[in-house]
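Participant: Coordinates for the following, if possible.
(one chain, ligands or ions: 1)
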Amino acid sequence: MNITVIGSGYVGLTLGIGLSDFGWNVTCVDIDEERIKKLNNGIIPIFEEGLNEIVKRNLSERRLHFSTNLKEAVRGSSVIFIAVGTPSRDDGFTDLTQVWKVTDDLGKLIDEYKVIVVKSTVPIGTTGKIYNRIRELTNTDFDIVFNPEFLREGNAIHDFFHPDRVVIGTESEKSLDVMKEIYRPIYLLQTPFVFTNIETAEMIKYAANSFLAMKITFINEIANLCEKVGADVHDVARALGMDGRIGPKFLHAGPGYGGSCFPKDTNAFSYSAREFGSPLSLVEATIKANDKQKLFMVDKIRRMAGGSLKGKNIGILGLAFKQNTDDMRDSPAITIINKLLNEGAVVKAYDPEAMKNARKIFGERIILCKNEYDAAKDADLLVILTEWNQFRALDLDKLRLLMKTHAIADLRNVLEPMVVKEKGFTYEGVGRKI
Ligand code: UDX
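Facilitator: You can find the predicted model right below:
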């Protein structure tokens with residue numbers, strides 16, 4: 001089967017590369033010529049473990065192609081995935097410019113039966129509108145499917161080949177058979193499949209991400225309360241997670257969720273729900289509480305730095321929105337560091353992967369360090385902002401020699417409070433009882 005994936009960003013690339021590894025002949029298309037040129041030379045613009053080998057393998061097998069020629073790719077494929085960006089405005093309105101551009105292109109280009117699969121996350125009802133718009137532009141037969149994406153950054157390859165479930169929303173039997181065929185390699189591995197209508201599939205994507213964001217926010221608020229009453233959030237989360245109805249995942253208290261999905265999807269979901277006249281009060285409260293969480297972290301840092309940040313040296317460990325990625329989109333680090341700078345702190349930071357992105361975001365306003373110990377040198381306070389494994393094994397004796405004041409704000413709860421305390425540090429986690 002020949003498949004075209006339109007949009008070679010994070011979602012499009014992992015999808016296209018994964019599908020080629022299933023054995024399909026895949027062309028990934030993008031309008032960015034530079035990006036396509038690099039991809040054809042085996043240079044992958046995203047950081048994802050295991051991706052390089054899969055790309056190499058499928059390029060050499062000639063099953064994977066990168067192109068800017070949409071017409072040729074579409075005409076030569078029976079299935080077309082739309083995986084272009086759907087950025088969201090601050091108020092939650094989703095900018096569908098790229099989707100409509102591709103929709104119009106497809107309306108003009110398709111010349112025989114195609115299955116068009118929407119992979120981009122879109123407001124509920126959009127897939128139906130895409131169908132109508134293409135229908136207006138052509139008499140050629142086609143079907144439309146919504147097939148949401150649940151990949152986690154840093155685990156995208158694993159998630160692609162071992163998904164918790166695959167959701168396929170379509171109204172047509174013919175396209176359903178095509179989708180089953182595409183995913184046959186994992187269907188055979190007994191991956192659960194949910195076949196449903198288009199609106200339900202669109203809803204599932206937003207509901208899943210919003211629920212996870214809500215779960216994180218719940219434990220963050222519990223952590224804040226733990227600090228007031230002398231309870232320990234680790235034990236609370238562990239005991240909560242033992243209840244099979246709740247489950248142990250996504251109960252790690254921290255500085256608030258970030259990334260390219262949760263902030264955008266919760267915003268878009270609540271905006272869209274308001275438009276339909278059925279507001280999602282829990283999702284709206286989640287968004288507000290998550291914004292507040294970052295400010296609570298600034299309060300904690302200020303307090304630990306002695307009540308004022310003016311002229312204080314703050315060492316920051318971790319800038320990415322989570323570990324194992326260089327991505328800083330909506331990272332809590334951005335809000336927190338900007339506040340520290342506004343209040344007159346001097347910020348020295350280190351992240352194993354996100355330094356290039358940090359330079360783009362902060363310019364010369366922060367000092368970027370070569371490692372964690374460099375960031376800790378002469379610091380009045382060390383703040384752990386991302387849960388990189390290497391920060392779990394910090395050499396505390398070395399830190400004691402380097403830091404001006406022995407104080408650590410562990411905003412990811414990666415250190416053992418008693419151990420840090422015993423080494424003579426002032427320590428605070430998020431919701432940890434010492
Ligand atoms: C998420 C969804 O998990 C994925 O299914 C969807 O397709 C895209 O959005 P991702 O953004 O890669 O994936 O990151 P994820 O691992 O889910 O973490 C999101 C944010 O929540 C991060 O900032 C992370 O640090 C934070 N988080 C996660 C917590 O603060 N506590 C937790 O317990 C879990």
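
Participant: Which residues of the chain lie near the ligand?
Facilitator: Within the chain, the positions lying close to the ligand (Cβ under 6 Å from any ligand atom) are 149-153, 209, 212, 216, 250-252, 254, 257-259, 261-262, 321-322. All C-beta atoms are positioned from the backbone trio N, CA, C, and that covers glycine.

Participant: let's see 5 Å
Facilitator: Proximity of the chain to the ligand, by Cβ under 5 Å from any ligand atom, involves residues 150, 152-153, 216, 250, 252, 254, 257-259, 261, 321-322.

Participant: Could you work out the most separated pair of these?
Facilitator: 150 and 254 (21.1 Å; Cβ to Cβ).

Participant: So between those two, which is more surrounded?
Facilitator: Neighbours were counted for residue 150 and for residue 254 using other Cβ atoms under 10 Å; residue 254 has more, 26 against 16.

Participant: Could you look up the SS state of that one?
Facilitator: Counting by DSSP: H, G, I helix; E, B strand; the rest coil, the backbone at residue 254 sits in coil.

Participant: Residue 216: how many residues sit nearby?
Facilitator: Neighbour tally, residue 216, other Cβ under 10 Å: 22.

Participant: show me what contacts it?
Facilitator: Contacts for residue 216 (Cβ atoms under 8 Å, 6 or more residues apart in numbering) come out as 250, 251, 252, 254, 256, 257, 262, 290.

Participant: Mind checking the pLDDT average for the helix or strand hosting it?
Facilitator: Using DSSP states H and E, residue 216 maps to helix 198-229. Here helix 198-229 scores 98 as its mean pLDDT.

Participant: same for whichever helix or strand comes after that helix, what does it pack against?
Facilitator: Where DSSP H and E defines the elements, the next helix or strand beyond helix 198-229 is helix 233-241. Applying 3 or more Cβ pairs under 8 Å, 6 or more residues apart in numbering; DSSP states H and E, one finds that helix 233-241 contacts helix 198-229.

Participant: What count of nearby residues applies to residue 183?
Facilitator: Using other Cβ under 10 Å: residue 183 sits among 18 other residues.

Participant: just residue 375 next, same as before
Facilitator: By other Cβ under 10 Å, neighbour count at residue 375 equals 25.

Participant: what's near enough to touch it?
Facilitator: 315, 316, 317, 348, 349, 350, 369, 382.

Participant: Which strand or helix spans it?
Facilitator: Per DSSP H and E: helix 372-376 holds residue 375.

Participant: If I look at the residue in the stretch 301-434 of the chain that the ligand sits nearest to, what pLDDT would I see?
Facilitator: The nearest approach of the stretch 301-434 of the chain to the ligand comes at residue 322, 3.6 Å away (Cβ to the nearest ligand atom). pLDDT recorded at residue 322 is 97.

Participant: Give me the phi and psi for residue 103.
Facilitator: phi -60, psi -50 (degrees, to the nearest 10).

Participant: ok, it to residue 349 distance?
Facilitator: The gap separating residue 103 from residue 349 is 42 Å, by Cβ to Cβ, to the nearest Å.

Participant: Likewise for residue 381?
Facilitator: Separation of residue 381 from residue 349 (Cβ to Cβ) stands at 13 Å.

Participant: For the stretch 51-200 of the chain, give me the ranges with low pLDDT.
Facilitator: Scanning the stretch 51-200 of the chain for pLDDT under 70 picks out no residues.

Participant: buried residues in stretch 207-227?
Facilitator: Across stretch 207-227, burial judged by 16 or more other Cβ atoms under 10 Å covers 208-210, 212-224, 226-227.

Participant: Restrict it to CA atoms and write it as PDB.
Facilitator: Provided in PDB are the C-alpha atoms of stretch 207-227 (Å, rounded to 0.1, in the frame of the first residue of the first chain):
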ATOM      1  CA  ALA A 207     -10.900  13.900  26.800                       C
ATOM      2  CA  ALA A 208      -7.800  11.600  27.300                       C
ATOM      3  CA  ASN A 209      -5.300  14.500  27.400                       C
ATOM      4  CA  SER A 210      -7.600  16.600  29.600                       C
ATOM      5  CA  PHE A 211      -8.100  13.800  32.000                       C
ATOM      6  CA  LEU A 212      -4.400  13.200  32.400                       C
ATOM      7  CA  ALA A 213      -3.800  17.000  32.800                       C
ATOM      8  CA  MET A 214      -6.500  17.000  35.500                       C
ATOM      9  CA  LYS A 215      -5.000  14.000  37.200                       C
ATOM     10  CA  ILE A 216      -1.600  15.700  37.400                       C
ATOM     11  CA  THR A 217      -3.200  18.900  38.600                       C
ATOM     12  CA  PHE A 218      -5.200  17.000  41.300                       C
ATOM     13  CA  ILE A 219      -2.000  15.600  42.800                       C
ATOM     14  CA  ASN A 220      -0.300  19.000  42.500                       C
ATOM     15  CA  GLU A 221      -3.000  20.600  44.600                       C
ATOM     16  CA  ILE A 222      -2.900  17.700  47.100                       C
ATOM     17  CA  ALA A 223       0.800  18.300  47.300                       C
ATOM     18  CA  ASN A 224       0.300  21.900  48.200                       C
ATOM     19  CA  LEU A 225      -2.100  20.900  50.900                       C
ATOM     20  CA  CYS A 226       0.300  18.200  52.200                       C
ATOM     21  CA  GLU A 227       2.800  21.000  52.800                       C
END
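
Participant: Is it correct that residue 48 falls within a helix?
Facilitator: No: per three-state DSSP, residue 48 lies outside any helix segment and is coil.

Participant: how about the residue lying closest to it once chain neighbours are set aside, what does it touch?
Facilitator: Spatial nearest neighbour of residue 48, excluding adjacent residues (Cβ to Cβ, 6 or more residues apart in numbering): residue 156 at 5.1 Å. The contact partners of residue 156, by Cβ under 8 Å, 6+ apart, come to 10, 14, 48, 51.

Participant: about what we covered before: chain center to the helix holding residue 216, what's the gap?
Facilitator: Put simply, helix 198-229 sits 14 Å off its chain's centre (Cα atoms, centre = their mean, to the nearest Å).
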